[in-house]
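J.: Following is a predicted model, sequence given first.
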Amino acid sequence: MRNSAPNEAPTRTATDSPALELRGVSASYGTTAVLRDVSLRVAPGSATALLGPNGAGKTTTLRLASGLMKPSTGTVELFGKDITGTAPHRRANDGLCHIPEGRGVYRNLTVRENLAMQSTKATGKDAVDKAISAFPVLGKRLSQKAGTLSGGEQQMLALSAAYLSEPRVVLVDEPSLGLAPIIVDTVFEFLNTLRSSGIGLLLVDQFALRVLEIADHAYVLRRGAIVYDGDPQTLLDGNMFEKYVGETE
Ligand SMILES: Nc1ncnc2c1ncn2[C@@H]1O[C@H](COP(=O)(O)OP(=O)(O)OP(=O)(O)O)[C@@H](O)[C@H]1O
Ligand SMILES: [Mg+2]
């Protein structure tokens, strides 16, 4: 929590702060502007959907939140604390976990070694037990190099980080990409469990309807700007979904 000088307006307390907040964030790759004045909030213990067509800026938004990219203007806050200038590992220590598109596992390490790397407080065995309770198939793959796992197994291994690093906020980019439908079900069940445990989730996924099923709030990005900020049901009603999200299913 920040301290206020005596004459400053009172700062919000940790309890009424969103878990994650982006305020007026803009960003560019070189001279190409990709995000314009993006503001969004993720409440603790809630799932927030970030939808939009290909190239809209969803991945870029997650990269800004986790510190892999810096905004040209605007701020990023974690539980009311301004973290705009801090490095990704500092944000991770503060409880922000980013599961990037394309798995994010160490391919040349075994499953057991990957779990140990993801783990903060749990000992090696605790880490393994926790991951296996969420994803039993990993129990049969402990000595296997992560690079030799199937796509679904790699995704489950990547998602274990959201358990083992004991985060307060989890950013997930396209977790169901390339996965069989039954594994997509497992992944969404897992995400729902994380939300119920009090974690604030920011979810990007091609299966917009699946994300909206578990989302408490939805944003839609188009061409780098937020065009919808509201409840998921209103987005689904009428023609808003087609108008804003387009051909995503
Ligand atoms: N490293 C980069 N250098 C230059 N331009 C980039 C880079 N990464 C992304 N872009 C561009 O920025 C825009 C936003 O990309 P971003 O990856 O954030 O979109 P997205 O919404 O995640 O798309 P998708 O649904 O296809 O994953 C796109 O026009 C993309 O081509
Ligand atoms: Mg993307």
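T.: That came in fine, so what should we check first? A quick note: this is a predicted structure, and the numbers were derived from the prediction, not measured. Ligands and ions are numbered 1, 2, ... in the order given.

J.: Residues of the protein that sit close to ligand 1?
T.: Residues of the chain lying close to ligand 1 by CB under 6 Å from any ligand atom are 29, 32, 34, 52, 54-60. All C-beta atoms are positioned from the backbone trio N, CA, C, and that covers glycine.

J.: quick one: the strands in the chain?
T.: 20-29, 32-42, 47-51, 73-78, 81-82, 96-99, 169-173, 200-204, 217-222, 225-230 (DSSP state E).

J.: In CSV: the ones you listed, plus mean pLDDT.
T.: Converted to CSV, those look like this (pLDDT from 0 to 100):
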stretch, mean pLDDT
strand 20-29, 97
strand 32-42, 97
strand 47-51, 97
strand 73-78, 97
strand 81-82, 95
strand 96-99, 93
strand 169-173, 96
strand 200-204, 97
strand 217-222, 96
strand 225-230, 95
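
J.: With mean neighbour count added, can I get the ones you listed in CSV?
T.: Shown next, in CSV, are those (neighbours: other CB atoms under 10 Å):
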stretch, mean neighbour count
strand 20-29, 19
strand 32-42, 18
strand 47-51, 27
strand 73-78, 18
strand 81-82, 14
strand 96-99, 24
strand 169-173, 25
strand 200-204, 26
strand 217-222, 24
strand 225-230, 16
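
J.: So what does the closest residue to Ser46 other than its chain neighbours have for phi and psi?
T.: Leaving aside its chain neighbours, Ser46 sits nearest to Asp216 (4.2 Å; criterion: CB to CB, 6 or more residues apart in numbering). For Asp216, the backbone dihedrals (degrees, to the nearest 10) come out as phi -90, psi -20.

J.: so Leu50 touches Thr61, yeah?
T.: Yes - the pair Leu50 and Thr61 passes the contact test of CB atoms under 8 Å, sitting 6.3 Å apart.

J.: right, and Leu202 touches Pro167 too?
T.: No - counting by CB under 8 Å, Leu202 does not reach Pro167; the two are 11.6 Å apart.

J.: Geometric centre of this protein: which residue is closest?
T.: Against the mean C-alpha coordinate of the chain, by CA atoms, centre = their mean, the closest residue is Leu171 at 1.0 Å.

J.: residues touching that one, list them.
T.: Applying CB atoms under 8 Å, 6 or more residues apart in numbering, we find Leu171 in contact with 62, 65-66, 96-99, 201-202.

J.: Looking at the strands of the chain, spot the one closest to Ala116.
T.: strand 96-99 (16.2 Å; CB to CB).

J.: Outside of the longest helix anywhere in the chain itself, list whatever touches it.
T.: The single longest helix within the chain, with elements called by DSSP state H, is helix 181-196. Applying CB under 8 Å, 6+ apart, the external contacts of helix 181-196 come out as 45-47, 134-135, 152, 155-156, 159, 162-163, 170, 172, 175-176, 179, 201, 203, 207, 210, 213-214.
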